[in-house]
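> The following comprises the amino acid sequence and a computationally predicted model.
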2 protein chains.
Amino acid sequence: MARKTLDAVQLALASIDGFASAQEIHARLRETGHSLGLTTVYRCLRSMTGDHRVDFVRRDDGEGAYRFCGTSHHHHLVCRSCGDTVEVQAEAVESWAQTVGEASNFRDLHHTVELTGICASCSGR
Amino acid sequence: MARKTLDAVQLALASIDGFASAQEIHARLRETGHSLGLTTVYRCLRSMTGDHRVDFVRRDDGEGAYRFCGTSHHHHLVCRSCGDTVEVQAEAVESWAQTVGEASNFRDLHHTVELTGICASCSGR
DNA sequence: AACAATTATGAAAATGGTTTTCATTCCTGT
DNA sequence: ACAGGAATGAAAACCATTTTCATAATTGTT
């Protein structure tokens, strides 16, 4: 794989907040002028996850999602009614997840936390 | 959906230790004399997960896996390699989720937490 | 019982993300 | 410049899952 290509993918990944699917990354690359094929994007991501340079998770719908390692991550509180989103601090969860995983002898821990609710402006008034 | 069918699927699920894919459940049903189509199995599982009567996770290869679940609210630590699962107590997360939601003026809070990692037996040694 | 209306079923086709194939293009070292 | 290997991407293959749609089973009504 060409370093130039790897760098482009990494940059695209870094420019996206949180996890992104291969196709989203591909779209981002197109937007920023790079013309990489989808195949190549998949190849890069695969190699990067193999090197632990990128985190990989599966979304519930089966689509894979990638995140540049080292990117600080946070969680979202999503309104089920209007879709509005709030970023939330999750220190407590980070350390909890780590502790629980280690206690079970699991390695390479990831976690996804999804908070939903009804926001103030949707909940009546 | 016919209750008879739902029962058959539930029974098959219960006869399997841990998580099973839709296709594994379908195979089990065939072995035990039931002749249900794969489509119907998928339909049942979908409805059961919608009711929170079965747990659903994604294996790393993208295949979905199902497990009959109890009524208590809990979280899972899932091995991304073999799909093995450990139930996790999450007192800390329950209260955290509640606190964060209230601080943002959201109501009717729900949360899902998914912990994944590589279990001891899959991570080499 | 007869019969219409509704629901359940499953084979085959469609979907959609991901991987393979393979012919072509791009590098790299000599 | 040139041979040999690596990188690329369009199209085809893959595979779990969903949809379609025609048929079968069930239910309700007279």
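Good, I have the coordinates. Numbers count the residues shown, from 1 in each chain, chains lettered A, B, ... in the order given.
> okay, CA-based contacts and neighbour counts for the rest of this
OK.
> Please identify the buried residues of stretch A:108-125?
For stretch A:108-125, the neighbour count (16 or more other CA atoms under 10 Å in any protein chain shown) marks A:Asp108, A:Leu109, A:His110, A:His111, A:Thr112, A:Val113, A:Leu115, A:Thr116, A:Gly117, A:Ile118, A:Cys119 as buried.
> do the same with stretch A:55-74
A:Asp55, A:Phe56, A:Val57, A:Arg58, A:Gly62, A:Gly64, A:Ala65, A:Tyr66, A:Arg67, A:Phe68, A:Cys69.
> swap in stretch A:25-35?
A:Ile25, A:His26, A:Ala27, A:Arg28, A:Leu29.
> I'd like those laid out as TSV, including secondary structure and pLDDT.
TSV is the format used below for the buried residues of stretch A:25-35 (DSSP: H, G, I helix; E, B strand; the rest coil; pLDDT from 0 to 100):
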residue	secondary structure	pLDDT
A:Ile25	helix	96
A:His26	helix	97
A:Ala27	helix	95
A:Arg28	helix	95
A:Leu29	helix	95
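> For whichever residue of chain A sits closest to DNA strand D, give me its contacts.
Using CA to the nearest atom of the strand, A:Met1 is the residue of chain A that sits closest to DNA strand D, at 3.0 Å. Contact analysis of A:Met1 by CA atoms under 8 Å, 6 or more residues apart in numbering or on different chains lists A:Cys44.
> can you pull the pLDDT of it?
With respect to pLDDT, A:Met1 scores 86.
> That one and A:Met48, how far apart?
To A:Met48, A:Met1 is 11 Å away according to CA to CA, to the nearest Å.
> related to what we said a few turns ago, with pLDDT added, can I get the buried residues of stretch A:55-74 in TSV?
What follows is those, written out as TSV (pLDDT from 0 to 100):
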residue	pLDDT
A:Asp55	85
A:Phe56	86
A:Val57	84
A:Arg58	85
A:Gly62	89
A:Gly64	93
A:Ala65	92
A:Tyr66	93
A:Arg67	88
A:Phe68	86
A:Cys69	76
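> Quick check: the two most widely separated of those residues?
Largest separation among the buried residues of stretch A:55-74 by CA to CA: A:Gly62 and A:Cys69, giving 21.2 Å.
> A:Ala65 belongs to a strand, doesn't it?
Yes: under DSSP: H, G, I helix; E, B strand; the rest coil, A:Ala65 sits within a strand.
> So what does A:Gln23 look like in phi/psi?
According to degrees, to the nearest 10, the main-chain angles of A:Gln23 amount to phi -70, psi -40.
> try A:Val100
A:Val100 has phi and psi values of phi -60, psi -40 when expressed as degrees, to the nearest 10.
> what number of residues lie near it?
Residues near A:Val100, counting by other CA atoms under 10 Å in any protein chain shown, number 17.
> can you map out the helices along chain A?
Ranges of helices within chain A are A:3-14, A:22-31, A:38-50, A:91-103, based on DSSP state H.
> Residues touching stretch A:14-25, excluding its own?
Applying CA under 8 Å, 6+ apart, the contact partners of stretch A:14-25 are A:9, A:12-13, A:38, A:41-42, A:45, A:63-68, A:71, A:73-74.
> just those residues that are near DNA strand D?
Residues of those in contact with DNA strand D (CA under 7 Å from any atom of the strand): A:Leu38, A:Val41.
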